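> sequence plus the predicted model coming up.
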Amino acid sequence: MTSTAPATAGISAHPQAQRRILTVLVTSQVLSGAGLAAGITVGALLAQDMLHSTDLAGLPSALFTAGSALAALAVGRISQARGRRPGLAGGYLAGALGSAGVIAAAVADSPALLFLALFVYGAGTATNLQARYAGADLAAPAHRARAVSTVLVATTLGGVIGPNLAAPTGDLAVTLGIPRLAGPFLLAGVAYSLAALVLALWLRPDPLLLARTLHTQQETAPATSETPADQPTPAATERRRPTVVLGALVMILTQLVMVAIMTMTPVHMHDHGHGTAASGFVIAVHVGAMYLPSPLTGWLVDRYGRLTVAAASGLTLLAAGIVAAAVPGDSVALLALALALLGLGWNFGLVSGTAIITDAVPLATRAKTQGLVDVAIAIAGAAGGLASGMVMAAASYPILALTAGILSLAVLPAIAVTASSR
């Protein structure tokens, strides 16, 4: 069979290109994982230190997630017009620029510059998430969730190593005359720059452009007994998979809940006397749980269905909120358990939601729609980050965690309605 032959439900139309693309994406994700972890680990602490207040400690998370909303839109539109390679590489370069801005703000002790730089830094987070779509562009429908999970799991290495380098990079920053809390952003700037370079040089062929070419060839080729990967049969259309709205809702809720609890955990630990190393460990466990289970999650989504795993995400996030609210603040191990459950619930929601979106959107508008969905996800994360500081200042960390956990259950009625209409 030639490379232009249509794919069956379980075989990629261009397996060699798909393997190469996944290899390049995995490499860039390892690098970018270290970059995105910097803001999670010390962003809130840096703002708290500069503002001398906890009330706005959630603002950094809100800003870089808001920045990621704009970046998601930009990356999606660039990818739609010119392909995944320029979109993703440009997004990582913006993240590197934001990292440099955070360091400059810390040196100048300028909160205004810090907030602007964190907004730009959010481009790296958005790009890291947008890369998952590139992994699915050439994947056959029966393997889409696993392709997405392959890209996501690559973030684990950098995401786990990054927070644990908070203390060493802090020492390096002090040696260079930079405030200690800005140290992780030195790592972020280098990591994002290298990720951009890897994509710019080696993401060839471009997965989205190749997928469009193959789809066009399939449309113009004589009819065969096989069904192209992106064209469902009439019977499959009648049993239409969950809609874009449901996929977006699943990812929006999981992002909001995850960011709200995650953002205030380092602040909560700091208030109980824990240092940067302890909070870095807890965040490393959290980031590992966000990405490391991805291969298993992808298999579960492809094997048992998108809706089943999406429902599991809501229940797992509820468990995370309950555990985070119940454990004593001086227990690093139990807080790590709560954040691990939080990461796992997010992973369930992201992989299942991404599969839903990819199934439902045609190639002609895929990148643009995916970008718009990720804008909504980023806005939800920004709202969660901003509200988390206010809720914690007005009430407490346990109240914040429990409220966010209960909110995650809102996804279940939407899933039930969709399941009953199939």
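Now that the structure is in, tell me what you want to look at. Bear in mind that the values here come from a model prediction, so they are computed numbers and not experimental data.

> Ile415: which element?
Here Ile415 sits within helix 411-421, counting by DSSP states H and E.

> what about Leu152, which SS state?
Classification of Leu152 using DSSP: H, G, I helix; E, B strand; the rest coil returns helix.

> ok, now which ones touch the closest residue to it other than its chain neighbours?
Nearest non-adjacent residue to Leu152, counting by C-beta to C-beta, 6 or more residues apart in numbering: Ser294, 4.1 Å away. Any C-beta I mention is one placed from the backbone N, CA and C, and that applies to glycine too. Taking C-beta atoms under 8 Å, 6 or more residues apart in numbering, we find Ser294 in contact with 148-150, 152-153, 156, 347, 351.

> related to what we said a few turns ago, would you mind listing the buried residues in the helix holding Ile415?
Under the neighbour-count criterion of 16 or more other C-beta atoms under 10 Å, helix 411-421 has 411, 414-415, 418 buried.

> out of those residues, who's nearest Leu315?
For those, the closest approach to Leu315 (C-beta to C-beta) belongs to Val411, at 9.5 Å.

> the closest one and Ala312 touch, don't they?
No - assessed by C-beta atoms under 8 Å, Val411 is found out of contact with Ala312, at 10.2 Å.

> one step back: hmm, which of the contacts of Ser294 is lowest in pLDDT?
Minimum pLDDT across the contacts of Ser294 is recorded for Thr156, with 75.

> could you point out which element follows the helix or strand encompassing that one?
Here Thr156 sits within helix 155-164, counting by DSSP H and E. For helix 155-164, the following helix or strand on the C-terminal side (DSSP H and E) is helix 166-175.

> now that next one and helix 155-164, what's the angle there?
Angle, helix 166-175 to helix 155-164, by axes from the mean of the first three to the mean of the last three C-alpha atoms, to 10 degrees: 50 degrees.

> tell me the mean pLDDT for helix 166-175?
Across helix 166-175, pLDDT averages out at 87.

> could you do stretch 75-86 as well?
Stretch 75-86 shows a mean pLDDT of 93.

> that stretch: how far from the chain's middle?
Centroid separation for stretch 75-86 versus its chain: 18 Å, with C-alpha atoms, centre = their mean, to the nearest Å.

> now do stretch 98-114
The chain centroid and the centroid of stretch 98-114 are separated by 24 Å, computed with C-alpha atoms, centre = their mean.

> list the buried residues for that stretch?
Going by neighbour count (16+ other C-beta under 10 Å), the buried part of stretch 98-114 is 98-106, 113-114.

> between those residues, which is nearest His52?
Proximity of the buried residues of stretch 98-114 to His52 (C-beta to C-beta) peaks at Leu114, which lies at 13.6 Å.
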